[in-house]
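Undergrad: Dropping the sequence and predicted coords here.
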Amino acid sequence: MSDVVGARRNKSSAPTPFPLAGIPGLEAKGAWLAVPFCSLYAAAFLGNAAILLVVVRVPGLHRPTCYFYLSMLAVAELGMSVSTLPTVASVFLFGAREIGADACLAQMFFIHYFSIMDSGVLWAMALDRLVAIYSPLQYATLLTHPRVALIGLGIAVRSVVVMVPLPLLLRRLPFCRANSLAHAFCLHPDLIRLPCADTTLNSHCGLFVVLSTFGLDSLFIFLSYILIVKTVLGMASREGRLRALNT
């Protein structure tokens, strides 16, 4: 009976802030650890921003369409950096080790959204290279700008559709007061360990998201490159094989 009462007391009717984790044993050296972390973030921002700037400003990179996907990949990488930077900086620079429940769910959504978008873009790039090698003469007619834009829009919409249920399912659950995260940012596998309720549905939904995005994308990428290698090896001339591999 006392255990039941204690469990009820540990539940929060409104989600309490979640403690963020740094590097165990190195909490006192957060300012020093911030230097390499900030350097990595600066490199990510500058590198991806440079890619976007070059692709937009150089007309010759508007074709082939793989450069459009490269731009989307840069946007996804920037999105993941922007999503994690606030809490990582607060932990290592300012020693602030808490995040509100709603802010945590929002951060989780955007981190996974951009990760799923990243995966989808990699699959689209593999498909683009397959068409360029398998049907080079029809490349321009098969992958027109409207079709490529539609594929890009589909990738973005898919990321939203599969991610929306995850924070909604978590938000309806009661959270325990003794909440702790395993990272300096919020991820779904960490958050489903925190509610004081059955999270079976959340786990199944999370598994479905992983299999229907990263799982299928990885399978399609693998099959695309198998077909690419098969097409290259089937070419008669050595020059043709080298040109296809360069593509």
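TA: Nice, I can see it.
Undergrad: For the longest helix along the chain, list every residue counted as buried.
TA: Looking across the chain with DSSP state H, the single longest helix is helix 101-134. Under the neighbour-count criterion of 16 or more other CB atoms under 10 Å, helix 101-134 has 101, 104-105, 107-134 buried. Yep, even glycine has a C-beta here, placed from its N, CA and C like the rest.
Undergrad: so what does the host helix or strand of residue 89 touch, helix or strand wise?
TA: Taking DSSP states H and E as the definition, residue 89 sits inside helix 66-92. Applying 3 or more CB pairs under 8 Å, 6 or more residues apart in numbering; DSSP states H and E, one finds that helix 66-92 makes contact with helix 30-57, helix 101-134, helix 145-163.
Undergrad: Which of those helices sits closest to residue 222?
TA: Closest of these to residue 222 is helix 101-134, at 8.7 Å (criterion: CB to CB).
Undergrad: For stretch 39-52, buried residues please.
TA: Of the residues in stretch 39-52, 41, 44, 48, 51 count as buried by neighbour count, 16+ other CB under 10 Å.
Undergrad: hmm, back to that, what is the mean pLDDT for the longest helix of the chain?
TA: Per-region confidence: helix 101-134 scores 92 on mean pLDDT.
Undergrad: That helix vs helix 66-92, what angle?
TA: 150 degrees (axes from the mean of the first three to the mean of the last three CA atoms, to 10 degrees).
Undergrad: now for helix 101-134, which elements pack on it?
TA: Counting by 3+ CB pairs under 8 Å, 6+ apart, helix 101-134 packs on helix 66-92, helix 139-142, helix 145-163, helix 165-171, helix 188-191, helix 216-233.
Undergrad: what separates it from the chain centre, distance-wise?
TA: In terms of CA atoms, centre = their mean, to the nearest Å, the centre of helix 101-134 is found 6 Å from the chain centre.
Undergrad: pLDDT below threshold where in this structure?
TA: In the predicted model, the chain carries pLDDT under 70 at residues 1-15, 22-31, 61-64, 177-179, 236, 240, 247.
Undergrad: let's see it at 80
TA: 1-16, 21-35, 37, 59-66, 92-97, 176-180, 182, 233-247 (pLDDT under 80).
Undergrad: Find the centremost residue of it, please.
TA: residue 115 (0.9 Å; CA atoms, centre = their mean).
Undergrad: now that one: how far from residue 53?
TA: 24 Å (CB to CB, to the nearest Å).
Undergrad: that older thread, the buried residues of stretch 39-52: which two are farthest apart?
TA: The span of the buried residues of stretch 39-52, defined through CB to CB, is set by 41 and 51 at 15.9 Å.
Undergrad: In this structure residue 85 contacts residue 41, no?
TA: Yes. Using CB atoms under 8 Å, residue 85 makes contact with residue 41 at a distance of 5.7 Å.
Undergrad: buried residues in the helix holding residue 89?
TA: So for helix 66-92, counting by 16+ other CB under 10 Å, buried means 66-81, 83-85, 87-92.
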